[in-house]
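Asks: based on what follows, work out the 3D shape:
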Amino acid sequence: MRKINKARYFTGMVIAPLLLALTGCGDAKVTPSEPLSSVCAQVAGKWSLITETDDSLCGGSGKTEETVFTVTQKQCQLTNDNGSMGTIDGTDITWTMPPWSVNGGDVTYSQASAKIQGKQIIGSYEWTWSDGHYQCSGVSKLHGSLVDNGEKVQRQAVNKEKNPMLSPREGTIAHTFSLQAADAKTVYLAGEMSDWQDDVFKMQQGEKGNWDLTLYLLPGAWQYKFVIDEQWRYDHNNPKTIDDGFDGFNSVIVLGKEIAASIPNPDIAHGVIINNDFDSKVLAGKSPFSLYLPPGYSPESGKTYPLLVLLHGYGANFQQWVKVGKIQHFMDNLINAGVIKPFIIVMPSGAKSQYIKGRETHIMDELIPYLRSQYHIKLGRAYTAISGESMGGFGAFYLAQRHPEVFGLSVPLSGYFDMHNYPEFKAEKSVLQSTLYFYCGTDDHISYASNEALVKLLKKGGIDFTYNKAPGNHTWRYWNAISTDVLTNISAFFNP
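Replies: Prediction:
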């Protein structure tokens, strides 16, 4: 997996210009005995600011930057080094900021405020990035001080707690990652251990172009890549790889034992995976899907089965749950052990659609009716569920809300809930008919914040749901770890 972090490309570029405009936004106190121009002059000068950006809804992990700049004023008209302009009107400061074109989209600013008290400034602003198809937003908070003429700016270091994976802990296994990259300037290890952030684990350069890093990891499978001078590459010296969902590979190490239910067992009955192309009139082309038929399924038997619609993540494809999620092995093993009862799973294509608009119509009006006509599927919402991870988690929530007559159960896994894609949803006016069960890792820097926000919204609206949160990242290590519990709950819904 290589996570596309849009915020990483534009956050640093937009912070400084807006801060320059914001610094003129003082909470000026005007008295009859003091001319307005002299009050405005108090905000002029050199400012040193620390900005903390929450870009989690854009796939970022937070960013802290220091900016030093100069603000001037003339008759309460403020300007800065970049030419941004603002106006003081009593205690109110207003300014204009044109959109910035970054990473194929535009950044716009919807709200900003700040207070200046003496030589201190505290403020915040909201921003939105959009490329016309995908939209996300974030908030940046700032604090700093006015620097007197001739005073040296004291740079503030941002202290980062040492990552616990760099030191031995009970139950962990030491593993040294290494590669040869003689011409590289910087090399990072990225993967499930860093929640796919590319700036967490910096590797150390040794002799003869060798780079290495030792981590102390919990047992199980770990996916990873190297980031060599900002270029992602799987470990060519490790023969064990897995599809990364983006037409590439992740390298895999297994420390100790893997999850037993995820390992294929040759001594038990196996289900069948069918890959098929659906000729979609809605999408005006082929839309492939994967289908899991449980052990014992037979067209001649007449036995019918419940249906689970299982959605993939952003930028991946319909085979992600088979190739990376190992869903067929979980199903086979859990059915054989008697933990769950058999059901059919369909895994449709979603591309980067968020499962809205044409993809929604295709799944609901074409694919599900087709499956019911071709396979022995039990009819009714009591026998139809939907789940998925990341973008698929949003899709599981969205489709169940919009089609409660079809889905009796919705199970979003680490759903990325950008509600700009569902503007008509109002929790206080919603009557939830589908059973709703959320899962999310508390260390998930991509989706945890949006899960918390949606949960708060649903609680405010008086909607009943279950929220299972526990330590975990936005990774297949987390989703594989919860798969047994997820499938058990889905089976229990089908078989009360």
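
Asks: least confident secondary structure element in the chain?
Replies: helix 6-22 (a mean of 39; mean pLDDT, DSSP states H and E).

Asks: just the pLDDT for the residue lying closest to Gly256 once chain neighbours are set aside.
Replies: Distances taken as C-beta to C-beta, 6 or more residues apart in numbering put Pro219 closest to Gly256, at 3.0 Å, once the chain neighbours are dropped. C-beta: built from backbone N, CA, C; applies to glycine. With respect to pLDDT, Pro219 scores 94.

Asks: can you give me the neighbour number for Pro219?
Replies: 14 (other C-beta atoms under 10 Å).

Asks: got it, and Met347?
Replies: 27.

Asks: how close does the residue nearest to it when sequence neighbours are not counted get to Tyr398?
Replies: The shortest distance from Met347 to any non-neighbouring residue, by C-beta to C-beta, 6+ apart, is to Ser290 (4.3 Å). In this view, Ser290 and Tyr398 are 21 Å apart by C-beta to C-beta, to the nearest Å.

Asks: mind checking the SS state of Leu399?
Replies: helix (DSSP: H, G, I helix; E, B strand; the rest coil).

Asks: shouldn't it be in contact with Arg359?
Replies: No. Between Leu399 and Arg359 there is no contact under C-beta atoms under 8 Å: 9.5 Å.

Asks: next up, the contacts around the closest residue in space to Ala385 that isn't next to it in sequence.
Replies: Spatial nearest neighbour of Ala385, excluding adjacent residues (C-beta to C-beta, 6+ apart): Leu409 at 3.9 Å. The contact partners of Leu409, by C-beta atoms under 8 Å, 6 or more residues apart in numbering, come to Thr384, Ala385, Ile386, Ala400, Ser434, Thr435, Tyr437, Ile490, Phe493.

Asks: I'd say the first one and Ser410 touch.
Replies: It stands for Thr384. No. In this structure, Thr384 is not within contact of Ser410 by C-beta under 8 Å, at 10.4 Å.

Asks: where do the helices sit along the protein?
Replies: 6-22, 36-41, 320-323, 327-336, 358-361, 368-374, 391-402, 448-460, 476-494 (DSSP state H).

Asks: can you lay out those helices as a markdown table showing mean neighbour count and distance to Gln223?
Replies: What follows is these, written out as a markdown table (neighbours: other C-beta atoms under 10 Å; distance: least, C-beta to C-beta, whole Å):
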| stretch | mean neighbour count | distance to Gln223 |
| --- | --- | --- |
| helix 6-22 | 22 | 20 |
| helix 36-41 | 16 | 56 |
| helix 320-323 | 23 | 12 |
| helix 327-336 | 22 | 17 |
| helix 358-361 | 18 | 27 |
| helix 368-374 | 14 | 31 |
| helix 391-402 | 26 | 18 |
| helix 448-460 | 17 | 20 |
| helix 476-494 | 20 | 7 |
